[in-house]
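Trainee: This is a predicted model, with the sequence first.
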Amino acid sequence: MTEPQPVAVVVPVLNEAESLPGLLADLKGQLPPLAEIVVVDAGSHDGTRDLLQQEKRRLAALLVLGATPLHAQTSQ
């Protein structure tokens, strides 16, 4: 039997502070464990980024990226 390949999950978020703890708990419980959980924050202003920074201390596989929201981009 072959060993399972590492898997990464990408989660786009915007103002998801209320639902993220449950999602991250579910992802932490995956078997085999996820190689990486990439959360891309699109400019949340509800405490999402603070929550993710706290989770990074407990979850080594968590990578948090920030994205510029569409309404903040300037047209060229």
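Mentor: Cool, the structure landed.

Trainee: okay, now L59: neighbour count?
Mentor: Applying other C-beta atoms under 10 Å, we find 16 residues neighbouring L59. Glycine gets a C-beta too; all of them are placed from N, C-alpha and C.

Trainee: Surely it is in contact with E36?
Mentor: No - between L59 and E36 there is no contact, the gap being 10.3 Å when judged by C-beta atoms under 8 Å.

Trainee: Spell out which helix or strand contains the residue nearest the centre of the chain, please.
Mentor: In the chain, the residue lying closest to the centroid (C-alpha atoms, centre = their mean) is V39, at 2.3 Å. For V39, the element it lies in under DSSP states H and E is strand 36-41.

Trainee: ok, residues contacting that strand?
Mentor: 6, 8-14, 20, 24, 27, 48-49, 52, 59, 61-67 (C-beta atoms under 8 Å, 6 or more residues apart in numbering).
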